[in-house]
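> sequence first, then the predicted structure, then my questions.
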Amino acid sequence: QVQLAESGGGLVQAGDSLRLSCAVSGRTSGNYAMAWFRQAPGKEREFVARITWIGGSTTDGDSAKDRFTISRDNAKNTVYLQMKSLKPEDTAVYYCAAGSLWTTVSASYPYWGQGTQVTVSS
């Protein structure tokens, strides 16, 4: 079992930056795929970015390209999502997820955090 806990969300203005954190606990010895997803009201959950727990290979979704950066600190058991130049359309609940498959499909991730709200005002 893997437990995930997101933090760092909040209310910011367009153009601001924000860093989300995902604290990982439990069974962390495997090479999990760690991912960030987001879900805006009335919309489907959207892939943002992913990273391998060992090695740090990354993939960005369309929403993350050029503005968001995923990283991890194995010593702190934490995954980060650094977001810059935020836009109102980035407003969503951001979720951290973990799984054994290298995929962008949310249904393939068995472990999820509770989510953290990011609201970007114009």
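Arrived safely.

> got the buried residues for the helix-or-strand element of the chain with minimal mean pLDDT?
Sorting the helices and strands of the chain by mean pLDDT, DSSP states H and E puts strand 58-60 at the bottom, at a mean of 91. Neighbour-count burial for strand 58-60 flags 59, 60 (criterion: 16 or more other Cβ atoms under 10 Å). For every residue, glycine as well, the C-beta is placed using N, CA and C.

> tabulate the CA atom coordinates of the helix or strand just after that strand in PDB.
Counting by DSSP states H and E, the next helix or strand C-terminal to strand 58-60 is strand 68-73. Coordinates of each C-alpha in strand 68-73 appear next as PDB, following Å, rounded to 0.1, in the frame of the first residue of the first chain:
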ATOM      1  CA  PHE A  68       4.900  23.000 -15.200                       C
ATOM      2  CA  THR A  69       7.800  20.900 -14.000                       C
ATOM      3  CA  ILE A  70       7.400  17.600 -12.200                       C
ATOM      4  CA  SER A  71      10.300  16.400  -9.900                       C
ATOM      5  CA  ARG A  72      10.900  14.200  -7.000                       C
ATOM      6  CA  ASP A  73      13.100  14.000  -3.900                       C
END
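
> give me the beta-bridge partners of the residue lying closest to residue 38 once chain neighbours are set aside?
Closest residue in space to residue 38, ignoring its immediate chain neighbours: residue 92 at 3.9 Å, by Cβ to Cβ, 6 or more residues apart in numbering. Beta-bridge partners of residue 92, counted by DSSP bridges, are residue 118.

> circling back: so which elements touch the least confident helix or strand of the chain?
Here strand 58-60 touches strand 46-52, strand 68-73, going by 3 or more Cβ pairs under 8 Å, 6 or more residues apart in numbering; DSSP states H and E.
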